[in-house]
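Trainee: no sequence on this one, just coordinates:
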């Protein structure tokens, strides 16, 4: 079983920054990928970023969405099973619930999500 915990959301003014953290714990021998998604009520969930250099195997590779490229960066700390989403130059349209998905043990495990609100 894998547990996933996100943190770092909050309220910020447009142009500001936030850093989200996602930590996986439990009986994990290998993590293949850690991904950040976001969702606004009434809209489809959007893949924001993915990191795959976690010691596992993931065919798809790293990813960063065009909508956030140049403003968001994703990094990982393999020793801590943690990934970070650094969000700079935030815009009101970045407002969403951000969730972390951990691909491991043949499945994907999710945290509860963290709210990010960007005021104009």
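Mentor: Structure's in. What do you need? Keep in mind the model is a prediction, meaning the values are calculated, not measured. Numbers count the residues shown, from 1 in each chain.

Trainee: distance check, the residue nearest the centre of the chain against residue 113.
Mentor: For the chain, the residue whose C-alpha lies nearest the mean C-alpha position (C-alpha atoms, centre = their mean) is residue 36; its distance is 2.5 Å. Going from residue 36 to residue 113 by C-beta to C-beta, to the nearest Å gives 10 Å. In this view, the C-beta of every residue, glycine as well, is placed from N, C-alpha and C.

Trainee: which neighbours do the two share?
Mentor: Overlap between the neighbourhoods of residue 36 and residue 113 consists of 98, 99, taking contacts as C-beta atoms under 8 Å, 6 or more residues apart in numbering.

Trainee: ok, now which ones touch the nearest residue to residue 9 once chain neighbours are set aside?
Mentor: Computed as C-beta to C-beta, 6 or more residues apart in numbering, the closest residue to residue 9 that is not its neighbour in sequence is residue 114, at 3.3 Å. Under the criterion of C-beta under 8 Å, 6+ apart, the contact list for residue 114 reads 6, 7, 8, 9, 20, 97, 98, 99.

Trainee: so the residue nearest to the centre of the chain, which of the three states?
Mentor: strand (DSSP: H, G, I helix; E, B strand; the rest coil).

Trainee: could you measure from it over to residue 68?
Mentor: Between residue 36 and residue 68 the distance is 9 Å, computed by C-beta to C-beta.

Trainee: spit out the residues that contact these two alike.
Mentor: Counting by C-beta under 8 Å, 6+ apart, the residues touching both residue 36 and residue 68 are 48, 49.

Trainee: show me the beta-bridge partners of residue 101.
Mentor: On the basis of DSSP bridges, residue 101 is bridged to residue 35, residue 110.

Trainee: what about the strands in the chain?
Mentor: Secondary structure of the chain (DSSP state E): strands located at 2-7, 10-13, 18-26, 31-39, 46-51, 63-64, 72-77, 82-87, 96-104, 107-110, 114-119.

Trainee: now these in CSV, with mean pLDDT?
Mentor: Written out in CSV, the entries for those read as follows (pLDDT from 0 to 100):
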stretch, mean pLDDT
strand 2-7, 95
strand 10-13, 98
strand 18-26, 96
strand 31-39, 94
strand 46-51, 95
strand 63-64, 92
strand 72-77, 91
strand 82-87, 95
strand 96-104, 95
strand 107-110, 94
strand 114-119, 98
